[in-house]
Every structure is written in structure tokens, then in C-alpha cells.
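Chemist: Got a sequence here, can you model it:
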Amino acid sequence: MFDEIEFEKIKRLPQYIFANINEIKLQMRQNGEDVIDFSMGNPDGPTPTHIIDKLCQAAQKSKNHGYSVSKGIYKLRLAASNWYKQKYGVNLDPNTEICVTMGSKEGYVHLIQAITNQGDNAVVCSPAYPIHYYAFILNGVNVVNIPIKWNNNMYLDYQAYFDNLEYIFKNTFPKPKFVVVNFPHNPTTVVVNKDFYDRLVKLAKKERFYIISDIAYAELCFDNFKTSSIFEIEGAKDVAVETYTLSKTYNMAGWRVGFVVGNKKMVGALQKIKSWIDYGMHTPTQIAATIALEGPQDCINDIRNKYKNRMKVLINSFNKIGFDIKEPKASMFVWAEIPNRYKHLGSLEFCKQILKEAKVAFSPGIGFGDSGEGYIRIALIENEKRIHQASKNIKQYLNIK
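Modeler: Presented below is the predicted three-dimensional model:
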């Protein structure tokens with residue numbers, strides 16, 4: 001009888017492609033095999049000591065163990081405001097323009113739930129971090145994909161992007177209400193400069209759409225590159241919000257701390273829906289997150305340099321065995337095209353074979369959308385010794401084939 005009841009919203013979600021890799025990986029580990037795992041963007045380093053110490057100190061106070069505030073304690077919102085002021089020269093009202101979230105992913109999903117109507121259209125880059133489009137799909141919003149193209153320096157091809165975006169607005173009905181951008185980009189690592197946001201904000205005001213900008217990897221930049229915020233553009237708060245997370249910057253992935261900032265109407269909608277859904281995160285965690293933003297920042301350089309060193313070692317060793325990987329300017333990933341000899345397998349089958357035969361796990365590009373086919377995403381979460389071992393394992397397997 002109950003088998004006839006359908007959960008329509010869940011049916012909109014496809015099979016999670018990464019689950020194929022995870023199942024094989026789990027089985028191999030249960031069999032005692034050592035898997036070198038580049039498949040998930042899960043930082044392997046410890047959270048800086050001064051942040052952990054503040055968590056422990058705050059947790060000793062009984063007053064910090066009651067319900068918190070769904071939009072985040074004031075001191076954390078103020079710290080986020082000061083962070084934007086110091087880093088980007090941007091003024092944000094801690095009360096009306098900032099909402100603390102349980103990681104940027106939770107904040108993004110609840111934001112989409114709060115601001116969309118069934119039948120709306122939204123523009124999302126392709127390939128993309130899956131939740132960027134499935135948050136819309138779960139809420140009955142149609143997603144229009146815009147392909148990501150880049151030059152040899154891993155900068156976005158602006159002309160191609162805006163030509164495609166303007167075509168979409170001329171040929172899509174109803175016109176899209178939302179455009180999602182994510183730079184440094186996951187999975188491709190593609191970056192933009194401030195002039196990209198200037199052009200995007202002007203187009204948003206012309207075509208009357210909202211922008212959702214995700215800068216989760218803003219601090220993980222290499223050499224002289226610096227991530228821009230959309231709010232460095234005058235008038236951006238009229239049309240945009242931005243999401244950020246402490247997960248990667250401070251090795252705090254499991255802590256689940258982020259924030260959504262910007263346009264008062266959209267931030268207010270998120271604050272309101274969260275007031276109905278949750279009581280906010282654990283207060284000691286928020287207090288420690290405040291210290292992360294306001295305390296010593298040397299730890300960021302250490303984390304950034306670790307990823308940079310791993311990236312250079314990986315690209316050097318992998319390019320010697322048949323890959324042709326370009327250096328990213330930011331993020332904790334590299335985006336690698338599958339060697340021509342193996343493209344016929346497709347990214348999922350290629351990753352399965354490498355995992356089973358070479359004991360190395362990657363994320364298949366197809367998991368990020370059709371435009372990701374032919375590529376793999378490699379997370380820089382294994383140390384240099386393990387990277388060299390992975391290269392040897394893959395070389396041996398490829399030579400056998």
C-alpha cells in the first residue's frame with residue numbers, strides 16, 4: 001500500500017555519481033587495502049591550536065550550551081563584517097546584511113528555498129559543484145547551464161561567458177531570476193578578476209536578476225593572485241549575495257561554519273527561514289569561529305603554502321606519466337584532463353579502473369555535470385610522499401594497459 005506513495009522531491013535527485021567511487025573505496029579499505037584518496041575536498045590538516053583552545057574555553061561555560069541565535073551570535077556576525085572590511089574594504093551591517101550558516105552549503109540551500117518560486121529559471125555554471133544546481137531543482141526551479149571556458153592561465157573566458165549569458169536572457173522565458181557564480185571555481189579552479197563582477201553587476205541591473213556568488217576558496221590563492229569579492233563593485237549589494245565558509249581557510253570543515261552576506265532582502269529571507277528551521281549552531285563553535293576570523297592569520301599562509309607545494313609536486317609528477325595539467329591560481333584542487341588514450345572510457349569508468357588497479361581515488365568529472373566529462377578533479381589532500389606513490393601506481397597501471 002505505502003509503496004504507491006511517491007516522494008516527488010527526492011525523485012528529482014539522480015543517483016549520486018560519487019557514490020560509485022565511495023562504495024569501491026570503502027570495500028577496498030575494509031579488505032585492508034591502502035587507498036591514496038584525492039576524491040573529496042576534505043582538509044587533512046588540524047584546525048589551528050588557538051581556535052581549538054577557544055572552543056575548549058567556551059565549552060567550559062554552562063551559559064554557552066543553551067539554544068543559540070539562528071542567524072548567528074552578534075560577535076560572529078561582527079567578525080564577518082570586520083573581515084570583509086579588512087580584506088575587501090567593504091562595509092556590511094552585521095544585523096541586516098549578514099547571516100551565519102552551518103557551513104556555506106547549508107546556507108546556500110536554505111537561501112534557495114527562501115527566495116525561489118516554483119517555475120523560476122536560474123543560470124548555473126557547467127560543470128559545477130552539484131548542490132549549486134540541485135538546490136534549485138529540489139525547489140522546482142529550472143536550471144539553465146552556462147559552460148565554463150578558460151584560457152591557458154586558468155582565467156575565465158569572459159567573452160564566451162557573457163555572450164552565452166546574454167543569449168540565455170534573450171532566449172529563455174521567463175527570464176532567469178538568479179545567476180550563480182563560483183570563483184575560484186569548483187571543480188575547474190578557474191578564476192576571475194574584479195572587472196568580471198563589474199560587468200556582471202551591470203548586466204544584473206539591466207536584466208533584473210539576482211547574483212549568488214560563492215567564494216569558498218577565496219583565501220587559497222597562489223603566488224600573486226588574489227580573489228575578488230563582488231562587493232568591491234559599487235552597487236553590488238543591490239543585486240547580490242555572497243557565501244563564504246571557514247572550512248577550507250582554517251581547516252574547519254567538520255565545524256560547519258559559514259555566512260551569507262549582502263543584499264538585505266535576500267539575507268533577510270534567509271534569516272527568516274532559518275528562524276523557523278533551526279536554533280543556530282553550538283555557541284562555543286561560534287565563539288571559536290569568531291577567534292578564527294579575528295585572531296592570528298599566519299595559519300592561513302601555512303595552509304595555503306601546503307596546498308601550493310602539493311599542487312606543484314602533483315602536477316610535475318602526473319605530467320610525466322601522460323597528463324597535461326595546468327597550474328591553478330587558487331583552490332585546493334587541480335582539474336585534470338584524462339589522457340587521450342583513456343578518454344573513451346569516460347571519467348567514471350576511468351576513475352573506477354584507476355581506483356581498483358592503482359589504488360588511487362579521484363572524482364570523475366561527469367559527477368559535476370555533462371560538461372565535466374573527460375576530466376577528473378584531484379583534491380590536494382594527500383602529502384607529497386603519497387602523491388609520488390600515487391604517480392608510481394598510476395604509471396605502472398597505464399603502462400600495463
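Chemist: shaky segments in this structure?
Modeler: 1-2, 15, 400-401 (pLDDT under 70).
Chemist: Tell me where it has strands.
Modeler: 36-37, 98-101, 121-126, 142-147, 178-182, 210-214, 240-245, 258-262, 333-337, 360-361, 363-364, 375-379 (DSSP state E).
Chemist: Turn these into a markdown table, including mean neighbour count and distance to N301.
Modeler: For glycine as for every other residue, the C-beta is placed from the backbone atoms N, C-alpha and C. Output for those, formatted as a markdown table (neighbours: other CB atoms under 10 Å; distance: least, CB to CB, whole Å):
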| stretch | mean neighbour count | distance to N301 |
| --- | --- | --- |
| strand 36-37 | 20 | 26 |
| strand 98-101 | 27 | 25 |
| strand 121-126 | 23 | 29 |
| strand 142-147 | 18 | 34 |
| strand 178-182 | 23 | 24 |
| strand 210-214 | 24 | 23 |
| strand 240-245 | 26 | 18 |
| strand 258-262 | 28 | 21 |
| strand 333-337 | 22 | 19 |
| strand 360-361 | 24 | 29 |
| strand 363-364 | 25 | 27 |
| strand 375-379 | 25 | 20 |
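Chemist: do you know which of those lies nearest Y279?
Modeler: Smallest distance to Y279 across the strands of the chain (CB to CB): 12.3 Å, for strand 98-101.
Chemist: Packing partners of the closest one?
Modeler: Packing contacts for strand 98-101, counted by 3 or more CB pairs under 8 Å, 6 or more residues apart in numbering; DSSP states H and E, involve helix 74-88, helix 103-115, strand 258-262, helix 264-277.
Chemist: What are the contacting residues of the third one?
Modeler: Same thing as strand 258-262. 72, 76-77, 80, 84, 92, 97-108, 111, 230-231, 236-237, 240-247, 266-267, 270 (CB atoms under 8 Å, 6 or more residues apart in numbering).
Chemist: quick one: that strand to helix 264-277, angle?
Modeler: Put simply, strand 258-262 runs at 140 degrees to helix 264-277, going by axes from the mean of the first three to the mean of the last three CA atoms, to 10 degrees.
Chemist: quick check: angle from strand 258-262 to helix 103-115?
Modeler: Using the same axes, to 10 degrees, strand 258-262 lies at 50 degrees relative to helix 103-115.
Chemist: how much does strand 258-262 deviate in direction from helix 74-88?
Modeler: Using the same axes, to 10 degrees: strand 258-262 against helix 74-88 is 70 degrees.
Chemist: Keeping just the C-alphas, turn strand 258-262 into CSV.
Modeler: The C-alpha coordinates for strand 258-262 follow below in CSV (Å, rounded to 0.1, in the frame of the first residue of the first chain):
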residue,chain,number,x,y,z
GLY,A,258,30.0,29.9,7.1
PHE,A,259,28.0,33.0,6.3
VAL,A,260,25.9,34.6,3.6
VAL,A,261,26.2,38.4,3.2
GLY,A,262,25.0,41.2,1.0
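Chemist: A289 against L246, yeah?
Modeler: Yes: at 5.9 Å, A289 and L246 qualify as touching, with contact defined as CB atoms under 8 Å.
Chemist: For the two, indicate the residue with more neighbours.
Modeler: Between A289 and L246, counting by other CB atoms under 10 Å, A289 is the more crowded of the two (29 against 25).
Chemist: Quick check: chain neighbours aside, which residue is closest to D324?
Modeler: E337 (6.3 Å; CB to CB, 6 or more residues apart in numbering).
Chemist: Correct me if wrong: the one you found contacts E373.
Modeler: No: using CB under 8 Å as the test, E337 is too far from E373 to be in contact (10.7 Å).
Chemist: related to what we said a few turns ago, packed most tightly, which of the helices and strands packed on strand 98-101 would that be?
Modeler: strand 258-262 (a mean of 28; mean count of other CB atoms under 10 Å).
Chemist: who does that strand pair up with?
Modeler: strand 98-101 (antiparallel), strand 240-245 (antiparallel) (DSSP bridges).
Chemist: Before I go, just wanted to say thanks for your time.
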